[in-house]
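Enquirer: Pasting the sequence and the predicted model now:
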Amino acid sequence: MKIKSGVLIFSLTLITLIAGFDLYANPVFITSPVKESTANRFSGNADNFLSVGSYNDVEFDKIFSVISFNSKYAKFSRVEMAQLGFAVKTDNLYTGFYYGGNAWKTFGDTTADGNIYNYSERNINNRSMRVYSVFPEIRTDRFNLIYNEAAVLFGFADMGLRFSYATNYQSLNLTEDFGVGFGNNPDLYKSFYKEYGNINPTVTWGMAKDLLPGKGIKPSFAADFDFFRNSSRREAYLAGGTTNGQEVTFSGNYLLLGLTAGLGGYTLKEQDAFKLGSDFEYTVRMQMWNSEYSYRDENNNFHINKLKGGRVHNAVANSFGEDHQINHIITPSVNASFSADNLKLSARLGVPLTFWKREETFLGLKTGQFNGELVKNGRNDITRNYIVNPVFESGMKWEAIPGLFALNAGAVIDFGRVTLTRTDKKMFSQDVEISAEKVTRYSFEKASTELFLGICLTPTAKMELQAVCGVDTGNVINVFNTDPTRGFIAFTNILATVRY
């Protein structure tokens with residue numbers, strides 16, 4: 001008992017120390033139809049095999065495998081995603097592997113305007129070069145980006161350690177002379193570079209065993225690093241065949257650092273088939289910009305400077321901005337569950353409290369200077385948001401045919417977001433303040449609901465099939481609709497597991 005108390009003190013101290021930080025987002029991973037259709041109130045082997053706190057709950061002897069197809073949600077883009085995973089274990093080590101992505105969705109797509117594969121070859125200025133009808137581009141539509149994520153989980157000594165990586169990053173780098181336009185005199189360029197997308201590694205640690213037997217407490221901690229890149233620069237030829245350097249046409253790169261600490265649940269009361277518990281989670285997100293901008297010297301040549309803490313708003317108008325954001329989210333919650341025979345019920349009420357601060361300052365090049373010095377020029381706003389957004393989740397699992405067929409249902413009630421916004425607004429012109437005001441706003445978002453329905457089939461003791469189905473837009477229940485795109489057989493998330 002003395003050892004367990006020491007572990008508890010260490011874990012609670014760890015949570016206290018990291019309370020000033022928090023997590024941005026994990027990769028999607030596998031969300032089973034059971035979990036989705038019960039509004040996150042119940043989970044299964046497919047959800048637990050990559051969970052740092054629940055991997056011990058996965059039921060298998062040697063190998064566990066899962067395959068899933070989800071047509072509703074991916075992290076950076078709402079597109080279809082296939083997911084594969086498997087886990088193995090020895091006496092002292094549990095190892096889970098996972099991959100998810102949508103590479104088939106847009107790979108090889110050449111339909112977009114500005115595609116680098118659409119060009120002609122011409123002889124210009126006594127040399128052959130590629131000429132594009134429009135400027136070469138890469139996709140920046142988050143709904144149509146190639147997305148990949150992978151993870152590995154190590155479970156040992158009643159702890160879990162997971163490393164994950166997610167990305168939809170893409171880039172285009174043209175280093176040979178090329179032209180853009182129609183006719184005999186296209187615009188000529190020496191180089192062009194553009195990048196867009198997220199690069200997102202995450203590390204998550206958690207306890208897989210209750211620190212207080214019979215009561216709970218399984219602390220967890222996650223550190224998330226979301227590197228977002230969105231920049232472009234080019235070097236154009238002048239009339240005489242020379243260039244005046246690279247121009248940054250846009251730059252908005254940042255690191256969104258998130259750290260999350262969770263308590264891991266505590267049982268307040270348990271009697272017969274009823275259980276009442278609580279939980280607590282703290283998150284902090286910090287956005288740190290690291291961009292570039294270009295300026296002209298007295299000879300009209302371009303130079304590039306770092307723009308730490310800011311981004312380019314409009315390169316043509318020489319408009320830039322500093323942007324500092326920090327977001328604290330505290331989420332206390334209470335939950336209750338009940339089970340009897342073949343029926344299980346569960347509900348949770350969470351009340352996220354968000355404290356968000358943003359300072360945004362518009363900058364411009366200092367008049368009369370040619371060294372790239374920036375001064376305040378435009379808005380200087382300090383905004384503080386205080387947000388309350390209660391959410392109620394409920395789920396049901398009913399084994400209609402025990403051991404063979406189960407029906408799942410769930411509902412989410414979002415009671416609406418209440419926001420208090422206070423903004424200190426100032427205007428500057430060449431570093432001189434010209435106006436100031438304080439603005440207060442209240443906003444109230446209406447409540448919303450969402451229903452879920454799913455099935456689970458267990459044809460053998462080693463295989464399980466799951467699906468989300470039957471609920472259409474507007475919470476319309478289409479269980480008996482004969483339209484295959486809208487009825488009970490219209491699946492949005494399907495999954496199969498095999499274990500032995």
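Expert: Sure thing, it's come through.
Enquirer: can you pull out the helices in the chain?
Expert: In order along the chain, the chain carries the following helices (DSSP state H): 2-17, 33-37, 45-48, 103-106.
Enquirer: Return the residues in contact with residue 401.
Expert: The contact partners of residue 401, by C-beta atoms under 8 Å, 6 or more residues apart in numbering, come to none. Every C-beta, even on glycine, is put in place using the N, C-alpha and C of the backbone.
Enquirer: who touches residue 254 in this structure?
Expert: Residue 254 is in contact with 227-228, 287-291, 311, counting by C-beta under 8 Å, 6+ apart.
Enquirer: Mark which of these are part of strands, please.
Expert: Judged by DSSP state E, strands contain the following of these: 227-228, 287-291, 311.
Enquirer: which of the contacts of residue 254 tops the neighbour count?
Expert: For the contacts of residue 254, counting by other C-beta atoms under 10 Å, the largest number of neighbours falls to residue 291: 24 neighbours.
Enquirer: Now for it: which residues touch it?
Expert: With C-beta under 8 Å, 6+ apart, residue 291 has these contacts: 231, 251-254, 306-308, 310-312.
Enquirer: Filter these down to the buried ones.
Expert: Neighbour-count burial within those applies to 231, 251-254, 307, 310-312; the criterion is 16 or more other C-beta atoms under 10 Å.
Enquirer: Just the closest of the residues you listed to residue 354, please.
Expert: Within the set of those, residue 254 lies nearest residue 354; the separation is 19.6 Å, counting by C-beta to C-beta.
Enquirer: quick one: the nearest residue to that closest one once chain neighbours are set aside from residue 358, how far?
Expert: Using C-beta to C-beta, 6 or more residues apart in numbering and skipping residues adjacent in sequence, the residue nearest residue 254 is residue 289, 4.5 Å away. When C-beta to C-beta, to the nearest Å is the yardstick, residue 289 and residue 358 sit 12 Å from each other.
Enquirer: And for residue 85?
Expert: Residue 85 sits 38 Å away from residue 358, taking C-beta to C-beta as the criterion.
Enquirer: more neighbours, these two?
Expert: residue 85 (23 against 16).
Enquirer: Read off the pLDDT value for that one.
Expert: Looking at residue 85, its pLDDT is 95.
Enquirer: Please list all residues in contact with it.
Expert: Contact analysis of residue 85 by C-beta under 8 Å, 6+ apart lists 30, 46, 49-50, 65-67, 96-99.
Enquirer: of all the contacts of residue 291, which comes closest to residue 428?
Expert: For the contacts of residue 291, the residue nearest residue 428 by C-beta to C-beta is residue 310; the value is 14.7 Å.
Enquirer: so what's that closest one closest to, chain neighbours aside?
Expert: Excluding the flanking residues, the one nearest residue 310 by C-beta to C-beta, 6+ apart is residue 322, at 4.1 Å.
Enquirer: pLDDT below threshold where in the chain?
Expert: 1-28, 72-79, 104-114, 142-144, 313-317, 470-491 (pLDDT under 70).
Enquirer: how much space between the residue lying farthest from the centre of it and residue 241?
Expert: Within the chain, residue 126 marks the point farthest from the mean C-alpha position, 49.6 Å out by C-alpha atoms, centre = their mean. Taking C-beta to C-beta as the measure, residue 126 falls 11 Å from residue 241.
Enquirer: Report how many residues lie close to the nearest residue to residue 179 once chain neighbours are set aside.
Expert: Distances taken as C-beta to C-beta, 6+ apart place residue 186 nearest to residue 179, at 3.6 Å, with adjacent residues excluded. Residue 186 sits with 18 neighbouring residues when counted by other C-beta under 10 Å.
Enquirer: on that earlier part again, pipe the contacts of residue 85 into JSON lines and attach distance to residue 157 and neighbour count per row.
Expert: Below are those laid out as JSON lines (distance: C-beta to C-beta, whole Å; neighbours: other C-beta atoms under 10 Å):
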{"residue": "30", "distance to residue 157": "25", "neighbour count": "26"}
{"residue": "46", "distance to residue 157": "24", "neighbour count": "27"}
{"residue": "49", "distance to residue 157": "18", "neighbour count": "28"}
{"residue": "50", "distance to residue 157": "18", "neighbour count": "26"}
{"residue": "65", "distance to residue 157": "25", "neighbour count": "18"}
{"residue": "66", "distance to residue 157": "25", "neighbour count": "27"}
{"residue": "67", "distance to residue 157": "30", "neighbour count": "16"}
{"residue": "96", "distance to residue 157": "16", "neighbour count": "24"}
{"residue": "97", "distance to residue 157": "20", "neighbour count": "16"}
{"residue": "98", "distance to residue 157": "22", "neighbour count": "22"}
{"residue": "99", "distance to residue 157": "27", "neighbour count": "12"}
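Enquirer: Now, the contacts of residue 291 that are in strands?
Expert: Using DSSP E to define strands, the subset of those located there is 231, 251, 254, 306-308, 310-312.
Enquirer: Now the two most distant members of these.
Expert: Pairwise distances across the ones in strands among the contacts of residue 291 (C-beta to C-beta) peak at 14.1 Å, for the pair 231 and 308.
Enquirer: ok, back up a step: could you export the ones in strands among the contacts of residue 291 to a markdown table, including columns for distance to residue 385?
Expert: Below are the ones in strands among the contacts of residue 291 laid out as a markdown table (distance: C-beta to C-beta, whole Å):
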| residue | distance to residue 385 |
| --- | --- |
| 231 | 28 |
| 251 | 27 |
| 254 | 19 |
| 306 | 29 |
| 307 | 25 |
| 308 | 25 |
| 310 | 21 |
| 311 | 21 |
| 312 | 25 |
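Enquirer: just to revisit the earlier point, which residues do residue 289 and residue 358 both contact?
Expert: Joint contacts of residue 289 and residue 358 (C-beta under 8 Å, 6+ apart) are residue 323.
Enquirer: Out of the contacts of residue 85, flag the one nearest to residue 131.
Expert: Checking the contacts of residue 85 one by one against residue 131 (C-beta to C-beta), the nearest turns out to be residue 99, at 40.0 Å.
Enquirer: The closest one pairs with what?
Expert: Per DSSP bridges, residues listed as beta-bridge partners of residue 99: residue 84, residue 150.
Enquirer: surely it meets residue 68?
Expert: No. Judged on C-beta atoms under 8 Å, residue 99 makes no contact with residue 68 at a distance of 11.1 Å.
Enquirer: joint contacts of these two?
Expert: Among the neighbours of residue 99, those also in contact with residue 68 (C-beta under 8 Å, 6+ apart) are 83-84.
Enquirer: just to revisit the earlier point, phi and psi next, for the residue nearest to residue 179.
Expert: Dihedral angles phi and psi of residue 186 (degrees, to the nearest 10) take the values phi -70, psi 160.
Enquirer: Report the separation between it and residue 119.
Expert: Taking C-beta to C-beta as the measure, residue 186 and residue 119 are separated by 11 Å.
Enquirer: now swap in residue 38 and tell me
Expert: In this view, residue 38 and residue 119 are 52 Å apart by C-beta to C-beta.
Enquirer: Kindly report the same for residue 360.
Expert: For residue 360, the distance to residue 119 under the criterion C-beta to C-beta works out to 40 Å.
Enquirer: returning to what we had before: now, the contacts of residue 85 that are in strands?
Expert: Among the contacts of residue 85, the members found in strands (DSSP E) are 65-67, 96-99.
Enquirer: quick one: which of these is nearest residue 460?
Expert: The shortest gap between residue 460 and any of the ones in strands among the contacts of residue 85 belongs to residue 65, at 14.1 Å (C-beta to C-beta).
Enquirer: Pull the contacting residues for that closest one.
Expert: If a contact means C-beta under 8 Å, 6+ apart, then residue 65 has 85-87, 497-499 as its contacts.
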